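**Q** okay, here's the prediction I keep looking at, along with the sequence it came from:
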Amino acid sequence: MKKILLSAFAVCSFFAASAQCNPSDYDFGDVDYGVYPDTTVGLATGCLNEPYSETIWFLVPTDPGALDPTFGGLGATIQSITLEGATYNGTIDISNLGLSLECNPSNCTFIGGGQYCGVVSGIPNLAGDFPVSLNVMATISSIIGELEVPFSFPGYVFTVNDCANPNGVEEIQASFDLGAASPNPANQLARIPFTLSSNEKVDFTMVNMVGERVMSKSFAGKRGENAMSIDVSDMPSGIYLYTVQSGSKKSTRKLVIQH
């Protein structure tokens, strides 16, 4: 009984701590707007039926054109944005995965020009890969008055593994491997998993079937399992080849885009 009470106390202490965050704990540098982790870095992987916590930092712009170019150059100003929640697989709230979202400040309303944070925490109850979107409502002042405009930030993938070992951590394979994109064919977002043998720079490129480069990016990868999401919604339907290179190690796979 004593062990059960101690375990329950530990879990309660975890959630009490994980629900709090410090907005100044992440340095965005000289940029005017940002979210970290962004969709390239991605959300930390969770373990089925194990406590999970991920802090997300927001540097809120004052120019609504940073969120949507449609509003740029119109003299409009963001008064605030309210983080209304996070959904997966379209419109399903993350509470169905056993997760909740709490903010600092607690009302999740962030004033334009300020830096804030939120915490996704809970005990994941489903294993798999879940496309996640952050949903906000922006209050914008403009020459025609005050407007409330919804915005959605897709591109995140929350991965939950069924961690079988006693520590709840998967064994990391010390090898380089490029996984198959999913979904494939894709028409909006495609998730590409890969495994690295060490923390190192990763170069990603995609070409069409005549060898023209249509996408390229570089970022820091971590040892073990990684995943990146790419937006193909504006790319023509067809067959593409994507390559992930880390140092001298390189692998290529095929992706079909179908609209």
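**A** Thanks, I have the structure now. Fair warning: this is a prediction, and the values are worked out from it, not measured in the lab. Numbering: from 1, shown residues only.
**Q** next, the contact list for K222, please.
**A** Counting by CB atoms under 8 Å, 6 or more residues apart in numbering, K222 touches 196, 199. Backbone N, C-alpha and C define where each C-beta goes, glycine included.
**Q** now the end-to-end length of stretch 94-106.
**A** One end of stretch 94-106 sits 18 Å from the other (CA to CA, to the nearest Å).
**Q** now do the buried residues in it.
**A** 94, 97-104 (16 or more other CB atoms under 10 Å).
**Q** who touches it?
**A** 19-23, 52, 83, 85-88, 108, 110, 116-126, 130, 132, 158, 160.
**Q** W57: how many residues sit nearby?
**A** By other CB atoms under 10 Å, the residues close to W57 number 20.
**Q** I56 now?
**A** 22.
**Q** state the phi and psi torsions of it.
**A** Backbone torsions for I56, taken as degrees, to the nearest 10, come to phi -120, psi 130.
**Q** could I get the contacting residues of it?
**A** 35-37, 117-120, 134.
**Q** filter those down to the buried ones.
**A** Buried among the contacts of I56 by 16+ other CB under 10 Å: 35, 117-120, 134.
**Q** pick the one among the contacts of I56 closest to G75.
**A** Using CB to CB, V35 comes nearest to G75 of those, at 24.8 Å.
**Q** check which helices and strands the helix or strand hosting that closest one sits against.
**A** Per DSSP states H and E, V35 falls inside strand 34-36. When contacts are defined as 3 or more CB pairs under 8 Å, 6 or more residues apart in numbering; DSSP states H and E, strand 34-36 sits against strand 52-59.
**Q** can I get the strand it packs on as CSV, trimmed to CA atoms?
**A** Backbone C-alpha positions of strand 52-59 (Å, rounded to 0.1, in the frame of the first residue of the first chain) are rendered in CSV as follows:
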residue,chain,number,x,y,z
TYR,A,52,4.4,12.7,-21.0
SER,A,53,5.3,16.4,-21.0
GLU,A,54,6.3,18.7,-23.8
THR,A,55,6.7,22.5,-23.5
ILE,A,56,5.9,24.7,-26.5
TRP,A,57,7.1,28.3,-26.6
PHE,A,58,5.4,31.1,-28.6
LEU,A,59,6.8,34.4,-29.8
